[in-house]
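[1] Okay, predicted coordinates and the sequence, questions at the end:
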Amino acid sequence: MAHKISLVLPNIEEEGIFRIIRDARRLFGNSIEIIVVDKSSAGYLKRLRKSGVTIIRQRSTGVENAVMEGMRRATGDILLSTDADDTHETAGLVKAAKLIGSGNADFVMGNRMNGIQKDAMDKYLIFGNKTLSFIFSVLYMRRVHDVLTGLFAIDRKAFESIKRIRPYSVGIGFFAIEVAKRGYVIKEVDIKYYVRRHGSSKLAKSKLLWGMRTAWLMFVKRFS
Ligand SMILES: Nc1nc2c(ncn2[C@@H]2O[C@H](COP(=O)(O)OP(=O)(O)OP(=O)(O)O)[C@@H](O)[C@H]2O)c(=O)[nH]1
Ligand SMILES: [Mg+2]
C-alpha cells in the first residue's frame with residue numbers, strides 16, 4: 001500500500017497488545033507507525049517499551065481522549081485504531097485501510113455483528129449495541145450496525161476536520177458522530193470478535209447506564 005499508515009492503540013495493561021503489534025507489523029510492514037496511548041503501571045510499561053512503539057502517557061481520562069491524543073500525534077495519511085485487548089480481528093484493519101485508500105470511504109468501522117465468536121459478547125450487550133446502532137442510523141441517516149466497535153479507520157482529511165473537538169464519552173461513536181455531521185462517507189467492514197483472554201474490562205462498570213448516556217449524547221449532538 002502506497003499510503004503511510006498510523007495505528008493508535010488505547011491501552012491499560014493489556015496483554016493482548018503484544019500480539020496486535022506483531023500482527024500489525026506483519027500485515028502492514030515494519031514501517032507502520034504504532035502509537036500506544038497508555039495508562040499502565042511502571043512494570044508493564046517497561047515491557048511495552050521493548051516493543052519499539054511510540055508511547056504516550058495519557059493524563060486525561062477515557063478511551064476517546066486516548067485515541068484522539070494518539071491520532072493528533074500520528075503522521076500517517078490513513079489513521080487506524082483498535083482496542084488493545086486483542087478481541088477485534090486485527091486483519092480487519094487491512095480491509096478498513098484499503099477502503100479508505102480506494103477513496104470510497106472517509107471513515108470505516110469494523111462491524112463485529114456477523115462475526116461474534118462463541119461467548120465473546122453477552123446477549124444483552126448484543127441487544128444494546130444493535131439498539132444504539134439503530135438510533136445512530138436514524139439520527140445521522142447512515143446505516144451502521146456496530147456503533148460500539150473498537151476498530152476503525154479514518155482518512156487524514158476527515159480527521160483534520162475534527163481533531164480540535166474535545167471528545168465526549170461515547171466510545172468510538174464520538175468519531176462516527178463528528179464525521180457524520182460533516183457529511184463524510186461512512187462504511188463498514190465485517191470483522192471477527194473474539195473472547196477477551198486476559199484481564200478484565202477497563203470501561204464503565206455499568207454498561208446499561210453507559211448505554212443510556214450514549215443514546216442521550218447521540219441525540220444531543222445531532223441537534224447541537
Ligand atoms: N489509554 C486508555 N485506554 C483505555 C481507557 N479505557 C479503556 N481503555 C482501553 O480501551 C480498550 C477498550 O476497553 P475494554 O476494557 O476492552 O472495553 P470493552 O471492550 O467494553 O470491555 P470487554 O468486553 O471486557 O473487553 C482496551 O484496549 C482498554 O485497555 C482509558 O481511559 N485510557
Ligand atoms: Mg474489550
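    Great, that's in hand. Ligands and ions are numbered 1, 2, ... in the order given.

[2] mind checking which helix or strand the residue of the chain most remote from its centre is in?
    In the chain, residue 43 marks the outermost C-alpha relative to the chain mean, sitting 25.6 Å out by C-alpha atoms, centre = their mean. Using DSSP states H and E, residue 43 sits in helix 42-49.

[3] Give the buried residues for that helix.
    Going by neighbour count (16 or more other C-beta atoms under 10 Å), the buried part of helix 42-49 is 44, 48. Glycine gets a C-beta too; all of them are placed from N, C-alpha and C.

[4] Rounded mean pLDDT for that helix, please.
    Helix 42-49 shows a mean pLDDT of 96.

[5] What residues sit buried inside the following helix or strand past it?
    With elements assigned by DSSP H and E, the helix or strand that comes after helix 42-49 is strand 54-57. Residues of strand 54-57 classed as buried: residue 55 (neighbour count, 16+ other C-beta under 10 Å).

[6] List the buried residues for stretch 212-224?
    Those buried within stretch 212-224 under the rule 16+ other C-beta under 10 Å are 214-215, 217-218, 221-222.

[7] just stretch 14-22 next, same as before
    Across stretch 14-22, burial judged by 16+ other C-beta under 10 Å covers 14, 16-17, 20-21.

[8] That one vs ligand 1: in contact?
    Yes. When contact is scored as C-beta under 6 Å from any ligand atom, part of stretch 14-22 falls within range of ligand 1: residue 14.

[9] what bridges to residue 34?
    Assessed by DSSP bridges, residue 34 has beta-bridge partners residue 7.

[10] helices and strands around the helix or strand hosting residue 69, which ones?
    In this assignment (DSSP H and E), residue 69 forms part of helix 63-73. Here helix 63-73 touches strand 5-11, strand 33-38, strand 54-57, strand 78-81, helix 173-181, going by 3 or more C-beta pairs under 8 Å, 6 or more residues apart in numbering; DSSP states H and E.

[11] Around ligand 2, which positions in the chain sit nearby?
    Counting by C-beta under 5 Å from the ion, the positions of the chain adjacent to ligand 2 are 83, 85, 87.

[12] any idea which of these is closest to residue 154?
    Using C-beta to C-beta, residue 83 is the member of the residues of the chain next to ligand 2 that sits closest to residue 154, with 15.8 Å.

[13] Next one, pLDDT for that closest one please.
    Residue 83 is assigned 98 on the pLDDT scale.

[14] What is the burial count for the spatially closest residue to it that is not a sequence neighbour?
    Leaving aside its sequence neighbours, residue 83 sits nearest to residue 150 (C-beta to C-beta, 6 or more residues apart in numbering; 3.4 Å). Residue 150 is flanked by 23 other residues according to other C-beta atoms under 10 Å.

[15] so what's residue 150 up against?
    Residues in contact with residue 150, defined by C-beta atoms under 8 Å, 6 or more residues apart in numbering, are 81-83, 87-88, 110, 171-172.
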